[in-house]
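1. starting from these lines, generate the structure:
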Amino acid sequence: MKTRFVPFAELIRTLWALHNTGLTGIIYITTDDDRSAQINFLNGEIVSLFLRNRQDEDAIPLLAELGWCRFRVAKMPVRPGNSVLPPTHQILTDLSAESAD
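-> This next block holds a predicted model:
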């Protein structure tokens, strides 16, 4: 079964829910124009993210440009990231503001 494309705001609501439930796993994202992204959660905290040729903090601004996307959540072990990211609540708050625009 193919997953339907949803607005960016729905992805952000899901990311908040995963953060609040303490998910450990990977969220795989594909946009309607064939871009891919990946967000890794460890105990509800974003520990790494990848989009195009950017990763971690450099990829955060690009996430807000995703538009319509589909995603799936894979609960699996995740290692801590190598770089220091802003707190997850701050990343999601900033992306929530972008999705409201």
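2. could you pull up the mean pLDDT of stretch 32-44?
-> For stretch 32-44, the mean per-residue pLDDT is 93.
3. what's the spacing between it and its chain's center?
-> 4 Å (CA atoms, centre = their mean, to the nearest Å).
4. pull out the buried positions in it.
-> Buried residues in stretch 32-44, defined by neighbour count with 16 or more other CB atoms under 10 Å: 37-42. C-beta coordinates here come from the backbone N, C-alpha and C atoms, glycine included.
5. which residues sit against it?
-> 5, 15, 18-31, 46-52, 59, 62-63, 66-69, 78-81, 88 (CB atoms under 8 Å, 6 or more residues apart in numbering).
6. now do the strands in this structure.
-> All strands of the chain, identified by DSSP state E, fall at 25-31, 36-42, 45-51, 54-55, 69-75.
7. could I get the buried residues of stretch 32-44 in a markdown table, plus columns for distance to Ser96?
-> As requested, these are exported to a markdown table (distance: CB to CB, whole Å):
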| residue | distance to Ser96 |
| --- | --- |
| Ala37 | 17 |
| Gln38 | 20 |
| Ile39 | 15 |
| Asn40 | 20 |
| Phe41 | 17 |
| Leu42 | 21 |
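8. closest one of the residues you listed to Thr93?
-> Ile39 (15.4 Å; CB to CB).
9. may I have the beta-bridge partners of that closest one?
-> Counting by DSSP bridges, Ile39 is bridged to Ile27, Leu49.
10. that concludes my questions; thank you for your assistance.
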